[in-house]
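Enquirer: what follows is a protein structure lacking sequence information:
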């Protein structure tokens with residue numbers, strides 16, 4: 001049994017989900033310019049990226065940090081939206 005990880009923002013999130021969400025949010029070209037690794041620039045795909053990132057800890061760390069920043073920005077945008085007035 002693994003201990004709870006309340007301070008780990010990536011707990012329970014798979015690497016596949018991270019790569020998929022980043023590629024959908026930024027697109028492969030933008031992702032490749034933000035993190036300069038060949039799996040994002042040369043014939044990119046989720047599968048090839050996962051293979052590379054699982055073998056390369058420094059690259060995986062960069063991808064995870066970008067994902068955390070993206071999620072934090074999205075959270076700030078949602079919390080800064082004004083409430084909508086609903087009238088019946």
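Expert: Received the coordinates, thanks. The model shown is predicted, which means the values in this text are computed figures rather than measured ones.
Enquirer: just the helices in this structure please.
Expert: Counting by DSSP state H, the chain has helices at residues 15-26, 28-34, 38-41, 46-55, 57-79.
Enquirer: just the residues contacting the second one, thanks.
Expert: So the one you mean is helix 28-34. Contacts to helix 28-34, defined as Cβ atoms under 8 Å, 6 or more residues apart in numbering, come from residues 22-23, 26, 40-41, 44, 66. (C-beta placed from N, C-alpha, C; glycine too.)
Enquirer: again, only using 6 Å
Expert: With contacts defined as Cβ atoms under 6 Å, 6 or more residues apart in numbering, helix 28-34 is touched by 22-23, 40-41, 44.
Enquirer: would you mark the buried spots in that helix?
Expert: 28, 31-32 (16 or more other Cβ atoms under 10 Å).
Enquirer: look up the closest residue to residue 49, ignoring the ones flanking it.
Expert: Counting by Cβ to Cβ, 6 or more residues apart in numbering, residue 49 lies nearest to residue 39, which is 4.5 Å off, once chain neighbours are set aside.
Enquirer: would you mind measuring from the spatially most central residue of the chain to residue 35?
Expert: With distances taken as Cα atoms, centre = their mean, the residue of the chain nearest its centroid is residue 67 (2.8 Å). Per Cβ to Cβ, to the nearest Å, residue 67 is found 11 Å from residue 35.
Enquirer: now for the contacts of helix 28-34, which pair is the farthest apart?
Expert: 22 and 41 (14.0 Å; Cβ to Cβ).
Enquirer: between the lowest-mean-pLDDT helix or strand in the chain and helix 15-26, how many degrees?
Expert: Lowest on mean pLDDT, DSSP states H and E among the helices and strands of the chain sits helix 57-79, with a mean of 91. On the basis of axes from the mean of the first three to the mean of the last three Cα atoms, to 10 degrees, helix 57-79 is oriented at 60 degrees to helix 15-26.
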